[in-house]
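Visitor: fold the following.
(one chain, ligands or ions: 1)
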Amino acid sequence: MLESAIVSEPTITSEPTKSELKDFFNYSYAELVELLDLEFGATKFRATQLFEWVYRKGVTDIQEMTNISRELRERLSQVFVFPKARIHDRQISSDGTRKYLFEVEGGDLVESVMIKQPNRMTLCLSSQVGCAMACTFCRTGTMGLKRSLSTSEILRQVNGVVEDAKNFGDSFQNIVFMGMGEPLHNFDGVTRAVRNLTDPLGYGMSPRKVTVSTVGLVPAIRKLAASGVSVSLAVSLNATTDEVRSQIMPINHRFPISELLAAVKDFPVGPRKKVTIEYVMLGGVNDTNDDMKRLAKLMRGLPVKVNLIPYNENAGLGYLSPSRDWVFAWQRYLNSQGLQTFIRWSKGADIGAACGQLATESKRPSRLVVLDEQQVAA
Ligand code: SAH
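Guide: Have a look, this model is predicted:
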């Protein structure tokens, strides 16, 4: 499955809501300008107005777009549909992290996580239903790939969380594609979503605050570099030898560490900006003293910072978390070697929302999302 999955990207299947209606969230600003011109002979200004209503003000009812003439509103409503995010379930962790289960087209389910950090929140998005990469330590990896999400399905996770965040009086400052799926295995869906997230007329986020995390699909990293899409890159290295990496991440058979790090070296990062190297520490597997030293050596001369992620245990997968002291020892050593190193302690583990714990089954009965004031206050 892996082999063929890498060669060709899966096709994005998204059912049209009503036969000829177009899903607004699949359109970039430039495409919208073109479409409006073609359909109505409308000017660029109309596209700007639509983007502002939808992405800035969160208004998707065309009749509320009062600075657009009634006649044009009528015609627009015959062309566009603005599908609403469908929150199937929401769980709140004791640490304030929230996990959302979204229902996307065809009843498929994906998860998104609002991760609570001391002075910011990070929204973690899914890019696929399941994942084809089959990393042996990752819960999503055990699901296999069902399909890729459309741009609209990705953006609807954002819309849904923005809407629900009003109940909590918070918002996110960062977005990471670290939920279910391999983002670069859904190159179009993800890069188009990134465009609308970072378009000043769209969500207007800084590209520094939107991160795509990859298992290491080297050709896709190079394609991203050449695409002109401005976004931050994170690479899941997770081992310091090809032997161990191939054992835990089958993709390494195709794209070994040397090729991966060459692509990282070539990735265009602005001044003061770095690629993030993620390193999941699996107790006794990839976290030996020798690994620590090899990692420092491998990173030499690369424009990178390192995120150490202590493994979040998944029952049945057979891996263990390292001890806290050992994680701190790694950080101290890597820092002493001049490598900027952070530790990403797990968030939301009590609700299965931590890295590598996301997995969905076929549609479960919906739990009503009711606001629990005690939980909100906590
Ligand atoms: N497919 C992408 C993004 C999803 S995984 C990628 O591989 O980067 C996001 C991060 O979580 C990756 O660095 C992955 O290695 C890590 N991860 C997966 N399972 C984990 C687990 N159980 N505990 C800690 N980190 C995990």
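Visitor: which residues are in contact with the closest residue to Arg208 other than its chain neighbours?
Guide: Excluding its sequence neighbours, the residue lying closest to Arg208 (Cβ to Cβ, 6 or more residues apart in numbering) is Ser232, at 5.9 Å. Quick note: C-beta positions are derived from backbone N, CA and C, even for glycine. Shown in contact with Ser232 (Cβ atoms under 8 Å, 6 or more residues apart in numbering): Pro207, Arg208, Lys209, Val210, Thr211, Val212, Lys273, Val275, Thr276.
Visitor: quick one: Thr341 from Arg222, how far?
Guide: 26 Å (Cβ to Cβ, to the nearest Å).
Visitor: buried residues, stretch 213-226. List them.
Guide: Ser213, Thr214, Val215, Gly216, Leu217, Val218, Ala220, Ile221, Leu224 (16 or more other Cβ atoms under 10 Å).
Visitor: make that stretch 59-79, sorry
Guide: Those would be Val59, Thr60, Ile62, Met65, Ile68, Leu72, Leu76, for stretch 59-79 by 16+ other Cβ under 10 Å.
Visitor: what's near enough to touch Leu197?
Guide: Per Cβ under 8 Å, 6+ apart, neighbours of Leu197: Leu155, Val158, Ile175, Tyr203, Met205, Val210.
Visitor: to what extent is the first one buried, counted in neighbours?
Guide: Okay, so that is Leu155. 27 (other Cβ atoms under 10 Å).
Visitor: Phe25 is in contact with that one, correct?
Guide: Yes. If you go by Cβ atoms under 8 Å, Leu155 and Phe25 touch, sitting 4.6 Å apart.
Visitor: shared neighbours of these two, anything?
Guide: Taking Cβ under 8 Å, 6+ apart as the contact criterion, the common neighbours of Leu155 and Phe25 are Asn196.
Visitor: okay, the residue nearest to Val269 when sequence neighbours are not counted: pLDDT?
Guide: Spatial nearest neighbour of Val269, excluding adjacent residues (Cβ to Cβ, 6+ apart): Pro303 at 5.4 Å. Listed pLDDT for Pro303 reads 94.
Visitor: return the distance of Pro303 relative to the ligand.
Guide: Pro303 is 18 Å from the ligand, where distance means Cβ to the nearest ligand atom, to the nearest Å.
Visitor: hang on, isn't that residue packed against Thr276?
Guide: No. Here Pro303 lies out of contact with Thr276, judged by Cβ under 8 Å, at a distance of 10.6 Å.
Visitor: quick one: which of those two has more around it?
Guide: Between Pro303 and Thr276, counted using other Cβ under 10 Å, Thr276 has the larger neighbour count: 19 against 15.
Visitor: what residues are bridge-paired with that one?
Guide: For Thr276, the beta-bridge partners are Ala234, Lys305 (DSSP bridges).
Visitor: and the closest residue to the ligand within the chain, what helix or strand is that in?
Guide: Taking Cβ to the nearest ligand atom as the measure, the point where the chain comes nearest the ligand is Gly356, at 1.7 Å. Using DSSP states H and E, Gly356 is not contained in any helix or strand.
Visitor: need the per-residue pLDDT for it.
Guide: We have a pLDDT of 79 for Gly356.
Visitor: next one: phi and psi at it?
Guide: Dihedral pair for Gly356: phi 70, psi 10, per degrees, to the nearest 10.
Visitor: what residues does the lengthiest helix in the chain touch?
Guide: Longest helix in the chain by number of residues, with DSSP state H as the criterion: helix 151-165. With contact meaning Cβ under 8 Å, 6+ apart, helix 151-165 is reached by 14, 23-26, 58, 83-87, 90, 98, 100, 102, 104-105, 110, 112, 114, 123, 125-127, 171-172, 175, 188-190, 192-193, 196-197, 203, 369.
Visitor: who touches Ile68 in this structure?
Guide: Here Ile68 is in contact with Arg46, Gln49, Leu50, Ile62, Leu76 (Cβ under 8 Å, 6+ apart).
Visitor: try it again with 6 Å
Guide: Gln49 (Cβ atoms under 6 Å, 6 or more residues apart in numbering).
Visitor: and what about it, helix, strand or coil?
Guide: Under DSSP: H, G, I helix; E, B strand; the rest coil, Ile68 falls in the coil class.
Visitor: okay but Phe267 is in contact with Ala225, surely?
Guide: Yes. In this structure Phe267 lies within contact range of Ala225 using Cβ atoms under 6 Å: 5.2 Å.
Visitor: output the below-cut-off pLDDT ranges for the chain.
Guide: 1-19, 361-378 (pLDDT under 70).
Visitor: up against the ligand, what does it have?
Guide: Contact residues, the chain versus the ligand (Cβ under 6 Å from any ligand atom): 137-138, 178, 182, 213-215, 236, 238, 278, 280, 309, 311-312, 314, 355-357.
Visitor: in strands only, show me these.
Guide: The strands, defined by DSSP state E, take in Ser213, Thr214, Ser236, Glu278, Val280, Ile309 from the residues of the chain next to the ligand.
Visitor: just give the nearest non-adjacent residue to the second one, would you?
Guide: The one in question is Thr214. Nearest residue to Thr214, sequence neighbours excluded (Cβ to Cβ, 6+ apart): Leu184, at 4.6 Å.
Visitor: just the buried residues out of the contacts of helix 151-165, in PyMOL syntax.
Guide: Buried residues among these (16+ other Cβ under 10 Å), as a PyMOL selection:
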select buried, resi 14+23+24+25+26+83+85+87+90+98+100+102+104+105+110+112+114+123+125+126+127+172+175+189+190+192+193+196+197+203
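Visitor: in helices only, show me the contacts of helix 151-165.
Guide: Asp188, Gly189, Val190, Arg192, Ala193, Asn196, Leu197.
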